[in-house]
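[1] how would this look folded up:
(one chain, ligands or ions: 2)
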Amino acid sequence: MSNLARIAITGASGRMGRMLIETIGQSDKAEVTGAVERPGHDWIGQDLGLCLGGAETGVTVTDDAATAFAAADVVIDFTAPAATLGFASAAAETGTAHVIGTTGFTDEDLTALSAFGGDIAIVRAGNMSLGVNLLTQITKQVAAALGPDYDIEVVEAHHNRKVDAPSGTALMLGQAAADGRGVDLNEVSDRGRDGITGARKQGDIGFAVIRGGGIVGEHDVIFAGPGERLILRHIADDRGLFARGALTAALWTLGKAPGEYDMLDVLGL
Ligand SMILES: NC(=O)C1=CN([C@@H]2O[C@H](COP(=O)(O)OP(=O)(O)OC[C@H]3O[C@@H](n4cnc5c(N)ncnc54)[C@H](OP(=O)(O)O)[C@@H]3O)[C@@H](O)[C@H]2O)C=CC1
Ligand SMILES: O=C(O)C1=N[C@H](C(=O)O)C[C@H](O)C1
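    Numbers count the residues shown, from 1 in each chain. Ligands and ions are numbered 1, 2, ... in the order given. All right, here's what the predicted structure looks like:
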């Protein structure tokens, strides 16, 4: 019997789903034992490897999440908010840990997700990379050190297929800046400027969004002060970065008590 961690992938045909399958395929610690797609998807009932244009894997793509999750130790989920809520419920039913990379949740979604942390280990992060999670810590530190005459702006750029804005990463960085300043992000965030907006309000944390081409993910945190600007930047060069982070998180959940965790917990930052 294999001692590899058994992983189910949701949204298997998506950009991140494919990258996760490739990354886990190269790992000597884990294997893909389940692949889930939405009902009616072309891949349902087909062998996962053949769907991806490779050799047969023996894993049949399914729309029955509960059955796929029951045969796995952990689910890795990069899909969409409504889908992830359903998958969290199924994972809680089967007692399977859930690693969530999906972004674009509302506050209500996040409250609903939290409830499942009582049943299973959930790791959720808007960005699974070491660099971005380190950057949240640095952002918090810089925001705490600089006074209110340093305006904080978060600028993010992504590919033209991305459906949510600002990105999950931008929101993590904005939250870190707000934490550093000891303020509530909801009260200071400025997320859309157009027309006669009036002057910038001191203390606001602004968000600006660029969408185009195949940009994997770029984030700047700008501290614009009197006579100087400090810019903290992260650039993701390829999606394998996020998949490797998600695999690290998945392996970390093995044997973990139920609860809500993030990548700071996983990475020990
Ligand atoms: N945390 C991180 O580090 C990262 C997070 N992300 C986030 O991950 C998410 C996915 O990104 P990406 O892979 O680029 O997006 P894609 O659109 O390429 O992939 C999403 C996949 O999820 C599937 N899906 C949607 N709803 C369901 C459902 N109900 N049941 C089963 N499958 C479903 C889609 O299927 P269909 O095509 O049929 O809709 C698609 O295969 C986004 O929220 C993105 O922001 C991305 C990269 C890194
Ligand atoms: O949709 C993406 O592609 C990405 N989404 C995440 C986000 O919303 O921050 C992470 C990464 O930047 C890529």
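
[2] how far does stretch 256-269 stretch from start to finish?
    18 Å (C-alpha to C-alpha, to the nearest Å).

[3] same check, this time on stretch 88-107
    16 Å.

[4] with stretch 74-86 instead?
    Span of stretch 74-86 from end to end, C-alpha to C-alpha: 15 Å.

[5] so does that stretch get close to ligand 1?
    Yes. Judged by C-beta under 6 Å from any ligand atom, stretch 74-86 comes into contact with ligand 1 through F78, T79, A80, A83. Yep, even glycine has a C-beta here, placed from its N, CA and C like the rest.

[6] quick check: L113 touching A88?
    Yes. When contacts are counted by C-beta atoms under 8 Å, L113 is listed as touching A88 (5.6 Å).

[7] all the helices of this protein, residue numbers only.
    If DSSP state H is used as the criterion, the helices of the chain fall at 15-25, 48-51, 65-70, 81-94, 107-116, 130-145, 168-181, 185-188, 240-253, 263-267.

[8] and the ones you listed as CSV, adding mean pLDDT, distance to ligand 2 and mean neighbour count?
    Below are the helices of the chain laid out as CSV (pLDDT from 0 to 100; distance: least, C-beta to the nearest ligand atom, whole Å; neighbours: other C-beta atoms under 10 Å):
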stretch, mean pLDDT, distance to ligand 2, mean neighbour count
helix 15-25, 98, 7, 21
helix 48-51, 98, 21, 19
helix 65-70, 98, 22, 20
helix 81-94, 98, 12, 20
helix 107-116, 97, 14, 14
helix 130-145, 98, 8, 18
helix 168-181, 98, 3, 23
helix 185-188, 98, 16, 13
helix 240-253, 98, 6, 22
helix 263-267, 98, 11, 19
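
[9] figure out which of the ones you listed is closest to A35.
    helix 48-51 (4.6 Å; C-beta to C-beta).

[10] residues in contact with that closest one?
    A12, S13, I21, V32, A35, W43, A55, E56, T57, V59, T60, V61 (C-beta atoms under 8 Å, 6 or more residues apart in numbering).

[11] now the nearest residue to the fifth one once chain neighbours are set aside, what are its backbone angles?
    It stands for A35. Nearest in space to A35, with sequence neighbours left out and distances taken as C-beta to C-beta, 6 or more residues apart in numbering, is A12 at 3.9 Å. Dihedral pair for A12: phi -60, psi -30, per degrees, to the nearest 10.

[12] list the residues that contact T96.
    T96 touches A8, F69, A70, A72, D73, V74, V75, I120, counting by C-beta under 8 Å, 6+ apart.
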